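Asks: Need a 3D model of the following:
(4 chains)
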Protein chains: 4
Amino acid sequence: MPEVKAQDQDFELHIRTSFGKQSFMRAIGAELSLVSPGEVGIVLPFREDLLQQHGFLHGAVIAAVVDSACGYAARSLMPHGTTVMTVEYKVNFLAPAAGDELVARGRVLRSGRKLSVCYGEAVARAAGQEKLVAVLMATMIPITDRPLSA
Amino acid sequence: MPEVKAQDQDFELHIRTSFGKQSFMRAIGAELSLVSPGEVGIVLPFREDLLQQHGFLHGAVIAAVVDSACGYAARSLMPHGTTVMTVEYKVNFLAPAAGDELVARGRVLRSGRKLSVCYGEAVARAAGQEKLVAVLMATMIPITDRPLSA
Amino acid sequence: MPEVKAQDQDFELHIRTSFGKQSFMRAIGAELSLVSPGEVGIVLPFREDLLQQHGFLHGAVIAAVVDSACGYAARSLMPHGTTVMTVEYKVNFLAPAAGDELVARGRVLRSGRKLSVCYGEAVARAAGQEKLVAVLMATMIPITDRPLSA
Amino acid sequence: MPEVKAQDQDFELHIRTSFGKQSFMRAIGAELSLVSPGEVGIVLPFREDLLQQHGFLHGAVIAAVVDSACGYAARSLMPHGTTVMTVEYKVNFLAPAAGDELVARGRVLRSGRKLSVCYGEAVARAAGQEKLVAVLMATMIPITDRPLSA
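Replies: Numbering: from 1, shown residues only, chains lettered A, B, ... in the order given. Now for the predicted structure:
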């Protein structure tokens, strides 16, 4: 990927503020671990109430954090005053997710004025070992923040 | 779609038991509303801790319930002694989800020995009105239950 | 789906003109069989040079015609002076495609100012019997035609 | 990605033979440019009869070659006596494809006994410059070759 530059100098602040407003991310215990131009990381400690019927981390939770990482990666390259919405994503689950924590990474493949396309991965960490458990491809759309009064 | 028949006479019991074991479905408050051969419905009341940064239901939660509806729809046509795993899905978010509750439906497009393909939708209900908020296409794989002792 | 209306009264003419300009559609022998507001059909007779290694119609050809049907379905609801581009699609292949002809249908699930979302299917016809061979979900973007001189 | 090894020592011969049987690949002029364990490349010279309505390479043709590259990448890690079928794929088109030739690469993300998952990209080459025009994620299934007589 070519070197990328943020247009919005305060992108990290805006991403951290937006992430903090997502009650669902808070509810599952996800935290931002990396915020850089074109790439964002999220860490999620495993927890008893986030499992599917076989005792592994629920796929929806995995998709949630990878999708979020992708969305904020897209946001990191957008102009000031923009928020990002997920148009769609496709996720493949590669292996059951067990261990200590899930680490998701989202990366921008193309950042456009109308749409951005991102690729994301999630690995499960257990006792220092990492296993790739999911890959995701997403289309994101920038939304211009509406002024509070106009 | 041609008329479909369940191979497993106790499919409803098995689906309800499996659903009950998903701690994540319980954590978000999702409930099975329909279990029929080839089609399953799930209802989710809106809740403060399931939102994204703009105050709408988080896309991950929407995808979670539609994916579950699709998975159990696929399971309803599989033989006794089978569980189902999501290989992959693709979801499009069509409109912000606000209102009283989310209603998801999953339907089997093809039920095969090796793989099943499903289509799902989610509508948001508010004051008796329904709005289509997401569509999902998923590939499911049957897993033969391992005997408890062998 | 709610009843839909075309904004562009000449949508059928514009779709037929655009289709006629696609050298690839002509090369494979695809023809428009239905052009209505929100739904478009394409028929493709099977041919020796469109096969994969097992002698069935190549998946890429199937995806091509369903994607085209979806794109023109989206176009049918867009304003005058608009062309449509495929942002992305996801296709599931359900069964090998053999027979006399492939019939693809594309239908609009949501028509928006910025994006449209479509669902499409392809059936293979053989001796009067139809078999569902592929389903596709696509995101389309309207592009305003540039004036020839400005 | 960890180092990968082919199980089938003659994988390259089998891939080249299979590719040669695809009448559609021959019809569009695609050629294998790389066959290695876990990664396959295909080159397609641009041609007048492979275009969409705006004069760029048709998305279906791009998807076809990336999907093929992914399928053969998956095949390269499968046992002797196996062929591969595409279960599904999702493709994002990132930029219009113009130039001299299209170069597609498919890479295995996970090779399993029941399913493989691949990631692919296509770049358009023009005057020595490369531009990323599409990314694709695919699920592949191994099919055991049926004996000729049984």
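
Asks: Ignoring the adjacent residues along the chain, who's closest to A:S36?
Replies: Nearest residue to A:S36 in three dimensions, chain neighbours excluded: A:S76, at 7.0 Å (C-beta to C-beta, 6 or more residues apart in numbering or on different chains). All C-beta spots, glycine's among them, are computed from the backbone N, C-alpha and C.

Asks: Could you do A:I143 as well?
Replies: A:T83 (5.0 Å).

Asks: List the residues that contact the one you found.
Replies: Shown in contact with A:T83 (C-beta atoms under 8 Å, 6 or more residues apart in numbering or on different chains): A:S18, A:R75, A:P142, A:I143, A:D145, B:Q53, B:H54.

Asks: what are the phi and psi values for the first one?
Replies: Its backbone dihedrals place A:S18 at phi -60, psi -40, with angles given as degrees, to the nearest 10.

Asks: Now for it: which residues touch it?
Replies: With C-beta under 8 Å, 6+ apart as the criterion, the residues that contact A:S18 are A:Y72, A:R75, A:T83, B:Q53.

Asks: ok so, going back, report pLDDT for the residue nearest to A:S36.
Replies: Here the pLDDT value assigned to A:S76 is 97.

Asks: tally of neighbours for it?
Replies: 26 (other C-beta atoms under 10 Å in any protein chain shown).

Asks: Next: A:A95.
Replies: 14.

Asks: where's stretch A:78-98 relative to the chain centroid, distance-wise?
Replies: 5 Å (C-alpha atoms, centre = their mean, to the nearest Å).

Asks: Give me the angle between the longest helix anywhere in chain A and helix B:59-76.
Replies: In chain A, assigned by DSSP state H, the helix with the most residues is helix A:59-76. Comparing the axes of helix A:59-76 and helix B:59-76 via axes from the mean of the first three to the mean of the last three C-alpha atoms, to 10 degrees yields an angle of 150 degrees.

Asks: helix or strand right after helix A:59-76?
Replies: Downstream of helix A:59-76, the first helix or strand assigned by DSSP states H and E is strand A:82-93.

Asks: Buried residues, the lowest-mean-pLDDT helix or strand in chain A. List them.
Replies: The weakest-scoring helix or strand in chain A, judged by mean pLDDT, DSSP states H and E, is helix A:23-28 (a mean of 90). Buried residues in helix A:23-28, counted by 16 or more other C-beta atoms under 10 Å in any protein chain shown: A:S23, A:F24, A:M25, A:A27, A:I28.

Asks: Tell me the residues of chain A that contact chain D?
Replies: A:K90, A:N92, A:L94, A:A95, A:L109, A:R110, A:V117, A:Y119, A:L132, A:V135, A:M137, A:T139 (C-beta under 8 Å from any C-beta of the partner chain).

Asks: Among the residues you listed, which ones lie close to chain C?
Replies: Restricting these to contacts with chain C (C-beta under 8 Å from any C-beta) yields A:K90, A:V117, A:T139.

Asks: buried subset of the contacts of A:T83?
Replies: A:S18, A:R75, A:P142, B:Q53.

Asks: what would those look like in CSV with distance to B:E39?
Replies: Compiled in CSV, the buried ones among the contacts of A:T83 are given as follows (distance: C-beta to C-beta, whole Å):
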residue, distance to B:E39
A:S18, 37
A:R75, 38
A:P142, 37
B:Q53, 33
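
Asks: Pick the one among the residues you listed closest to chain D.
Replies: Taking C-beta to the nearest C-beta as the measure, A:P142 is the one of those closest to chain D, at 16.0 Å.

Asks: contacting residues for that closest one?
Replies: If you count contacts by C-beta under 8 Å, 6+ apart, A:P142 has them with A:A74, A:R75, A:M78, A:P79, A:T82, A:T83, A:V84, A:R113, A:K114, A:S116.

Asks: Need phi/psi at the third one.
Replies: When quoted as degrees, to the nearest 10, the phi and psi of A:M78 stand at phi -90, psi 160.

Asks: And the residue nearest to it when sequence neighbours are not counted, how far from C:G38?
Replies: In space, and not counting its chain neighbours, A:M78 is closest to A:P142: 4.9 Å by C-beta to C-beta, 6+ apart. Here the criterion is C-beta to C-beta, to the nearest Å. By it, A:P142 lies 27 Å from C:G38.

Asks: ok, the residue positioned nearest the centre of chain A - contacts?
Replies: Central residue of chain A (C-alpha atoms, centre = their mean): A:A69, 1.3 Å from the mean position. Contacts of A:A69 were listed using C-beta under 8 Å, 6+ apart, and they are A:V40, A:G41, A:I42, A:A104, A:R105, A:G106, A:G120.

Asks: for the residues you listed, which one is nearest A:H58?
Replies: A:A104 (14.1 Å; C-beta to C-beta).

Asks: Give me the number of neighbouring residues for the closest one.
Replies: Neighbours of A:A104 under the rule other C-beta under 10 Å: 28.

Asks: and what of A:Q7?
Replies: A:Q7 has 13 neighbouring residues, counting by other C-beta under 10 Å.

Asks: next one: the longest strand along chain A to chain centre, how far?
Replies: The residue-count maximum for a strand in chain A (DSSP state E) belongs to strand A:129-144. Strand A:129-144 has its C-alpha centroid displaced from the chain centroid by 6 Å (C-alpha atoms, centre = their mean).

Asks: Equivalent analysis for stretch A:120-136, please.
Replies: 14 Å.

Asks: right, is it up against chain B?
Replies: No - counting by C-beta under 8 Å from any C-beta, no contacts exist between stretch A:120-136 and chain B, the nearest distance being 9.2 Å.

Asks: what about that stretch, how long is it end to end?
Replies: The first residue of stretch A:120-136 is 5 Å away from its last residue (C-alpha to C-alpha, to the nearest Å).

Asks: how about that stretch: buried residues?
Replies: Applying 16+ other C-beta under 10 Å to stretch A:120-136 flags A:G120, A:E121, A:A122, A:V123, A:A124, A:R125, A:L132, A:V133, A:A134, A:V135, A:L136 as buried.

Asks: Figure out the helix or strand that the first one lives in.
Replies: Here A:G120 is covered by strand A:116-126, with elements defined by DSSP H and E.

Asks: Show me what that strand is packed against.
Replies: helix A:59-76, strand A:101-111, strand A:129-144 (3 or more C-beta pairs under 8 Å, 6 or more residues apart in numbering or on different chains; DSSP states H and E).

Asks: what residues does chain A put near chain C?
Replies: Counting by C-beta under 8 Å from any C-beta, the residues of chain A that sit close to chain C are A:V87, A:E88, A:K90, A:K114, A:L115, A:V117, A:T139, A:I141.

Asks: Now, of the residues you listed, which are buried?
Replies: Among the residues of chain A next to chain C, those buried by neighbour count (16+ other C-beta under 10 Å) are A:V87, A:E88, A:K90, A:L115, A:V117, A:T139, A:I141.

Asks: Next, format the residues you listed as JSON lines and append pLDDT.
Replies: Output for these, formatted as JSON lines (pLDDT from 0 to 100):
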{"residue": "A:V87", "pLDDT": "98"}
{"residue": "A:E88", "pLDDT": "98"}
{"residue": "A:K90", "pLDDT": "98"}
{"residue": "A:L115", "pLDDT": "98"}
{"residue": "A:V117", "pLDDT": "98"}
{"residue": "A:T139", "pLDDT": "98"}
{"residue": "A:I141", "pLDDT": "97"}
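
Asks: now for the residues you listed, which pair is the farthest apart?
Replies: Of all pairs drawn from those, the widest gap by C-beta to C-beta lies between A:K90 and A:I141 and measures 16.1 Å.
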